[in-house]
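Engineer: got a sequence here, can you model it:
(chains A and B)
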Amino acid sequence: MFWNLFLGFLISKLVNATEVKAEEGEAYHPLLPVEKKLVAYSLILAVILLVILIYVSYTYFGVAH
Amino acid sequence: MSQQQKIDWTAMWKKEDWWALWIGLLIFFLGLGPFANISLIGWNWHGNVWLDISKAVSPNNKAYEWLGWGSVILQYIFLLVLLCIGAYAMKYNVKKFAAGFTVIYFLTLIVWIIGCWGYSAAVPTWDPNLKKAVPKVGKEILPFSLGLTPEGGFIYLLIVGLIIRNFFRGFAEKLLDAARPEWYIKTAIVLLGTTIGVKAAGALGYAMTVLFRGLCAIVEAYLIYWPLVYFISRKYFKMTKEWAAPLASGIAVCGVSAAIATGAAVKSRPFIPITLSSIIVVFAVVELLILPWLSVALYPTFSGMVMGAWMGLAVKTDGAAAASGALVDALIVAKAAGMGLKLDKGWMLTAAVTTKIFIDIFIGVWAFVLAVIWVTWIERKPGEKVRKLEIWFRFPKFIIGYFITFLVMLAIAASSPAMAKLSSAAMGEIDPLRVFFFALTFLSIGLVTDFRVFKKEGLGKVILVYLICLFGFILWIGLFISWIFFHNVPVPLAKG
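Structural biologist: Numbers count the residues shown, from 1 in each chain, chains lettered A, B, ... in the order given. Sure, this is the predicted structure:
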């Protein structure tokens, strides 16, 4: 919550201070549910894969000289 | 993505990616001379740490010692001819390329030699008589040295390139036709496969560990960095999808090529990934200027391999990532030497390049996945399909060259001790050219990095996202993941 507020404040101050013409063209639409899912699923998959890969690394690819 | 496309075979002689492969493989095969008891490219020069400048350069193979400084001219002609053939095939302006390359070649040579000066390059080593670490050139003890190793020349080259680009713009413009950092670094990476192959044969289990763990670490780039950057730019910065997706790939994955591939996958307007690329390149240089030094400061709290992998994960663009890995390798080897540890050179660079290469390999797959998601769920275009061939179109081809040189040398060097010895000789033939391509990359990165991009109107939001993401979490998650996979992988000690 605090992070959101802080980030929102910071960004509004900084973005207003710069010209943002780069956005001309496609109109802005808020995040679609499918985009939120894409973000959430990616992060969940990352955590699962990390756990598996750490296990495989330490089990089958130990350090050998 | 959905248009019916055929494989464009002309790309094999029209793209830098392929030309890095061809030139890299040609040098590789020429370098195999020692297997037939001949030295075909042993006349290439290498820099020596010097106090007497006449000894700064010598041909790599003693059989060519009579050439002296002539080896510089020979190498210049050799590279000029090779690169001009590539430039002609890719329809560059060959005259301008040749002129620019001539200046870049000799500028690189001069700066590299300066970097090899004893007071800059000599690394303090333990002297049993004095009972302290002192810098030496031959038997001569120096009162001080920066201890940057000859690779410190990379830093000077980058700085010289940046100064020319940002303060002598007219001169820089004339060199731009030949300032091709991506071409040079990709060629260098193809050649690097040789070095890694020979080293891996001597430490097979270790090398496999580095390769596998490098592969593991990339999960972070695609599945942690990307969604976080995308989410932040969409939710907090109100960016449209066509900006947010390539920006996320540019910051999170692998700089320019990922931004362009993603831009195509989500059908961004063409100027968007190109605009983003200019910012990515500048930020990559900022990282290149900061992170290697931070790595050295963090060593030995974090091991050398953690630092190497961190460069591969955190620094965007192939050139800057490999360049950072090379710097970290040189600087940490020097720091360890001052602590009485003689580390084997090249392994930290291997960790950086391995991680980067695996990230590169998946760009095509990632662009394909995004295209499917965009067509199927986000843009919802019924009947539109994405061809799997896109994965091949997006695959960075120079990586094929890297794996060829790596696997061939690994197989040969591992076959018998006699073959291992010949492989080392072949590696010795090729390595000076690999180092020189790295050096060309550093100067070229400087030459193409225009800091005026920060003043460009309308890009404030993009730059802000980049800054917040990079320094807010990309660097630190990268360091953490590198630590997870590499903290118990020590850099091998040098033999002898």
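
Engineer: so what pLDDT did the residue nearest to B:I53 when sequence neighbours are not counted get?
Structural biologist: Closest residue to B:I53 apart from its sequence neighbours, by C-beta to C-beta, 6 or more residues apart in numbering or on different chains: B:I113 at 7.2 Å. Heads up, the C-betas are built off the backbone N, CA and C, glycines and all. With respect to pLDDT, B:I113 scores 96.

Engineer: what's the neighbour count on A:Y41?
Structural biologist: By other C-beta atoms under 10 Å in any protein chain shown, the residues close to A:Y41 number 12.

Engineer: mind checking how far the residue nearest to B:I53 is from B:D52?
Structural biologist: Using C-beta to C-beta, to the nearest Å, one obtains 12 Å as the distance from B:I113 to B:D52.

Engineer: follow-up on the earlier one: correct me if wrong: the residue nearest to B:I53 contacts B:V57.
Structural biologist: Yes - using C-beta atoms under 8 Å, B:I113 is in contact with B:V57, at 6.8 Å.

Engineer: quick check: neighbours shared by the two?
Structural biologist: B:G47 (C-beta atoms under 8 Å, 6 or more residues apart in numbering or on different chains).

Engineer: buried residues, the helix or strand containing A:V56. List them.
Structural biologist: Secondary structure assignment for A:V56, by DSSP states H and E: helix A:33-60. Residues of helix A:33-60 classed as buried: A:35, A:38-39, A:42-43, A:46, A:49-50, A:53, A:57 (neighbour count, 16 or more other C-beta atoms under 10 Å in any protein chain shown).

Engineer: do the same with stretch B:76-91
Structural biologist: Buried, per 16+ other C-beta under 10 Å, within stretch B:76-91: B:76, B:78-80, B:82-84, B:86-87, B:89-90.

Engineer: closest one of those residues to A:H29?
Structural biologist: B:M90 (40.3 Å; C-beta to C-beta).

Engineer: quick one: that closest one from chain A, how far?
Structural biologist: Going from B:M90 to chain A by C-beta to the nearest C-beta, to the nearest Å gives 30 Å.

Engineer: wait, isn't that residue in contact with B:D17?
Structural biologist: No - if you go by C-beta under 8 Å, B:M90 and B:D17 don't touch, sitting 10.4 Å apart.

Engineer: now do the nearest residue to B:W50 once chain neighbours are set aside: how many residues are near it, please.
Structural biologist: Spatially, and ignoring its direct neighbours in sequence, B:W50 is nearest to B:A56 (4.3 Å; C-beta to C-beta, 6+ apart). When neighbours are counted by other C-beta under 10 Å, B:A56 registers 20.

Engineer: isn't B:A56 right up against B:N48?
Structural biologist: Yes - judged on C-beta under 8 Å, B:A56 makes contact with B:N48 at a distance of 6.0 Å.

Engineer: so where's chain A shaky on pLDDT?
Structural biologist: Chain A contains residues with pLDDT under 70 at A:1-26, A:63-65.

Engineer: would you map out the domains in it?
Structural biologist: A:1-28, A:31-65 (automatic domain parsing).

Engineer: return the helix or strand in chain B with minimum mean pLDDT.
Structural biologist: helix B:389-394 (a mean of 74; mean pLDDT, DSSP states H and E).

Engineer: in chain B, which residue sits closest to chain A?
Structural biologist: B:G460 (2.3 Å; C-beta to the nearest C-beta).

Engineer: the more surrounded of B:I113 and B:D52?
Structural biologist: B:I113 (18 against 10).

Engineer: buried ones in the strand or helix carrying the more buried one?
Structural biologist: When elements are assigned from DSSP H and E, B:I113 belongs to helix B:94-115. By neighbour count on 16+ other C-beta under 10 Å, the buried set for helix B:94-115 is B:94, B:97-98, B:100-101, B:104-105, B:107-109, B:111-115.

Engineer: dump stretch B:88-100 to CSV, restricted to CA.
Structural biologist: C-alpha atoms of stretch B:88-100 as CSV (Å, rounded to 0.1, in the frame of the first residue of the first chain):
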residue,chain,number,x,y,z
TYR,B,88,29.9,-5.3,-49.5
ALA,B,89,27.6,-8.3,-49.3
MET,B,90,25.4,-6.4,-46.7
LYS,B,91,25.3,-3.4,-49.1
TYR,B,92,27.1,-1.1,-46.7
ASN,B,93,29.0,1.8,-48.3
VAL,B,94,32.3,-0.1,-48.7
LYS,B,95,34.5,3.0,-49.2
LYS,B,96,33.1,4.7,-46.1
PHE,B,97,33.4,1.4,-44.2
ALA,B,98,37.0,0.9,-45.2
ALA,B,99,37.9,4.5,-44.3
GLY,B,100,36.1,4.3,-40.9
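
Engineer: B:A309 is in contact with B:I359, correct?
Structural biologist: No - with contacts counted by C-beta under 8 Å, B:I359 stays clear of B:A309, the gap being 11.2 Å.

Engineer: same drill for those two, tell me which one is more crowded.
Structural biologist: B:A309 (34 against 27).

Engineer: for the more buried one, give me its contacts.
Structural biologist: Shown in contact with B:A309 (C-beta under 8 Å, 6+ apart): B:213-214, B:217, B:351-352, B:354-355, B:482, B:485-486.
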